[in-house]
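In: Got a predicted structure here, sequence first:
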Amino acid sequence: MTSSGGSLRGVGALVTGATSGLGRAVAVRLAQAGADVAVLGRGEHDLGSAAAQVESHGVRAVPLRVDLADTERLDEVVQLAATELGGLGILVNAAATDAPGSAEELSVQDWQRVVAVNLTAPFVLARSAMPHMRRGGGGLVVNVSSVAGRRGWAGASAYCATKFALTGLTQSLAAEGRADGVRVCVVYPGAMATSWGTFDPAQRREPDLPAHDERQSLDPDVVADLIAWMAVSPGRPVLNEVTVTPLLEGGWP
């Protein structure tokens, strides 16, 4: 992947969860920087809307309807995206799902779906995308984790387990891609102001945790700006882990 002057013109990107929340914000921000974007999601109407918003910035959008739990289809999806976009230099794994409830209440089926979407899908997508990046001279993989990837919370065993595991996956992929200029980073955003997105511990509140404060919610655009900056940066220094927190008391407008 090559970029110049802060532009991603000619670079192909694939973004999961691109129909809403952080995923959509990332897809739009990459489009603003000049990237052509394959937008992945499950809802046909929402995919069309996201693709239209991406294309409004004068780049190409490829809407791909897929359930990330259907991991057998993901190799095909990456190949299609790379073919349609003329290569693939950026992969952002922004999609996630949850199965709230105590471990005693959680069914194996629900556990397996969370693992499939939050962990297996990023693995399969990265495994398929990285050879394209190597051939293109480098690339960027961003795995979106959560504060739940740093600390386990009651009522979110599957979600927390997958987000912890995403760190190990990222570190391994970063080591494997380093020699060929493939950068891999895990991002830990705090709670975001979306209808569904990054884990919000306030919704699984323990007795010693304060009530959720709107001032401590991240705007998804802030995280999207960071990911876009990583994509256009020259690659030195290489960021492998980034924690993004909202402005706290005393720093909020």
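Out: Cool, got the structure. These numbers come from a predicted model, not from an experiment.

In: where does the stretch 101-250 of the chain dip in pLDDT?
Out: 192-216, 247-250 (pLDDT under 70).

In: how about the helices of it, start to end?
Out: Remark: helices assigned in the stretch 101-250 of the chain by DSSP state H, counting those that start in this stretch are 108-115, 121-135, 157-177, 220-232.

In: Can you tell me which residue is spatially central in the chain?
Out: Nearest to the mean C-alpha position of the chain, counting by CA atoms, centre = their mean, stands Ala94 at 2.2 Å.

In: Let me know whether it touches Thr19 as I believe.
Out: No: the pair Ala94 / Thr19 is not scored as a contact, 10.5 Å apart, by CB atoms under 8 Å. C-beta here means a position set from N, CA and C on the backbone, and glycine is covered the same way.

In: what's in contact with stretch 106-125?
Out: Stretch 106-125 is contacted from outside by 14, 16, 68-69, 71, 74-75, 77-78, 91, 93, 95-99, 143, 157-159, 161-163, 165-166, 169, using CB atoms under 8 Å, 6 or more residues apart in numbering.

In: circling back to that earlier point, next, format the helices of the stretch 101-250 of the chain as CSV and append mean neighbour count.
Out: Shown next, in CSV, are these (neighbours: other CB atoms under 10 Å):
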stretch, mean neighbour count
helix 108-115, 15
helix 121-135, 21
helix 157-177, 19
helix 220-232, 20
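
In: Kindly reformat those helices as JSON lines containing distance to Thr83.
Out: Output for those, formatted as JSON lines (distance: least, CB to CB, whole Å):
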{"stretch": "helix 108-115", "distance to Thr83": "29"}
{"stretch": "helix 121-135", "distance to Thr83": "10"}
{"stretch": "helix 157-177", "distance to Thr83": "22"}
{"stretch": "helix 220-232", "distance to Thr83": "21"}
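
In: Between these, which one is closest to Leu64.
Out: Closest to Leu64 of the helices of the stretch 101-250 of the chain is helix 121-135 (CB to CB; 11.3 Å).

In: What is the burial count for Ile90?
Out: Neighbours of Ile90 under the rule other CB atoms under 10 Å: 28.

In: correct me, but it touches Ala35?
Out: Yes: judged on CB under 8 Å, Ile90 makes contact with Ala35 at a distance of 6.5 Å.

In: what do the two both touch?
Out: Common neighbours of Ile90 and Ala35 (CB under 8 Å, 6+ apart) are 8, 11-13, 231.

In: got a winner among those for most neighbours?
Out: Busiest of the shared contacts of Ile90 and Ala35 [other CB under 10 Å] is Ala13, holding 30 neighbours.

In: Assumed that residue was part of a helix.
Out: No: Ala13: not assigned to a helix; according to DSSP: H, G, I helix; E, B strand; the rest coil it is strand.

In: Leaving aside the residues adjacent along the chain, what's closest to it?
Out: Leaving out its chain neighbours, the residue that sits closest to Ala13 by CB to CB, 6 or more residues apart in numbering is Ile90, at 3.8 Å.

In: repeat for Ala69
Out: Spatial nearest neighbour of Ala69, excluding adjacent residues (CB to CB, 6+ apart): Ala116 at 4.3 Å.

In: Just give me the neighbour total for that neighbour.
Out: Neighbours of Ala116 using other CB under 10 Å come to 18.

In: Check Cys185 too.
Out: Per other CB under 10 Å, the neighbour tally for Cys185 reads 20.

In: does it really touch Val244, like I thought?
Out: No: contact criterion CB under 8 Å: Cys185 and Val244 do not qualify, at 11.6 Å.

In: what about the residue nearest to Ala13, distance to Asp110?
Out: In this view, Ile90 and Asp110 are 31 Å apart by CB to CB, to the nearest Å.

In: before we move on, what about Val39?
Out: 26 Å.

In: And for Asp75?
Out: 25 Å.

In: do Ser157 as well
Out: Counting by CB to CB - Ser157 and Asp110 are separated by 10 Å.
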